[in-house]
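[1] Make a model of this:
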Amino acid sequence: MANNFKNSVLKAAGTTAQNVYAAAAGVQATVIGMTIANITSSPIAANVILTCAGAAAPNVYLVQSATIAPGGALVPIGGDQKLVLEAGDYLAVNTSVASSADVIASVLEIS
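    Take a look at the predicted model:
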């Protein structure tokens, strides 16, 4: 089994949910950190959504409508919080304002 550390980056996330990281076929992943940075001069609200492949109710919120101050950041995953993704699972982010946040997820992939 190979272990690979990766960063997955999403630039200028906005009002439409966009994938930050997706676990590929044959891969299990542990998300060890995620940061959402407000790149605007006004407060924004951010959502982090986990979609689980094959689940009966596949979409769940890790964070819903969390306020991020101008120039501030939200760390929904990190420290004691980790998240395991199976093949086909993915994380998406959207915000209340278009092109308002940069997102980075640090992941350990096991294949």
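
[2] before we move on, what SS does the one residue sitting closest to the centre of the chain have?
    The centre of the chain sits closest to Leu91, judged by C-alpha atoms, centre = their mean, with a distance of 4.7 Å. Here Leu91 is strand, with the state taken from DSSP: H, G, I helix; E, B strand; the rest coil.

[3] Touching, it and Val48? I think so.
    Yes: counting by C-beta atoms under 8 Å, Leu91 sits close enough to Val48 to count as a contact (6.5 Å). To be clear about C-beta, it is placed using only N, CA and C from the backbone, and glycine gets the same treatment.

[4] Which neighbours do those two have in common?
    34, 62 (C-beta atoms under 8 Å, 6 or more residues apart in numbering).

[5] low-confidence ranges in the chain?
    Low-confidence segments of the chain (pLDDT under 70): 55-57.

[6] State the distance from Asp89 to Ser41.
    Distance from Asp89 to Ser41, counting by C-beta to C-beta, to the nearest Å: 34 Å.

[7] who's more crowded, those two?
    Counted by other C-beta atoms under 10 Å, Asp89 and Ser41 do not tie: Asp89 has more neighbours, with 22 against 7.

[8] need the contact list for that one.
    Neighbouring residues of Asp89 by C-beta under 8 Å, 6+ apart: 22-23, 29, 50-53.

[9] Could you do Leu91 as well?
    19-22, 31, 34, 48-51, 62, 83, 85, 105.

[10] Would you check how far apart Gly78 and Asn59 are?
    22 Å.

[11] Equivalent analysis for Asp102, please.
    Asp102 is 23 Å from Asn59, by C-beta to C-beta.

[12] The two: which is more packed in?
    Each of Asp102 and Asn59 has its neighbours counted (other C-beta under 10 Å); Asp102 has more, 16 against 11.

[13] element containing that one?
    strand 101-110 (DSSP states H and E).

[14] packing partners for that strand?
    strand 3-13, strand 18-22, strand 28-38, strand 90-95 (3 or more C-beta pairs under 8 Å, 6 or more residues apart in numbering; DSSP states H and E).
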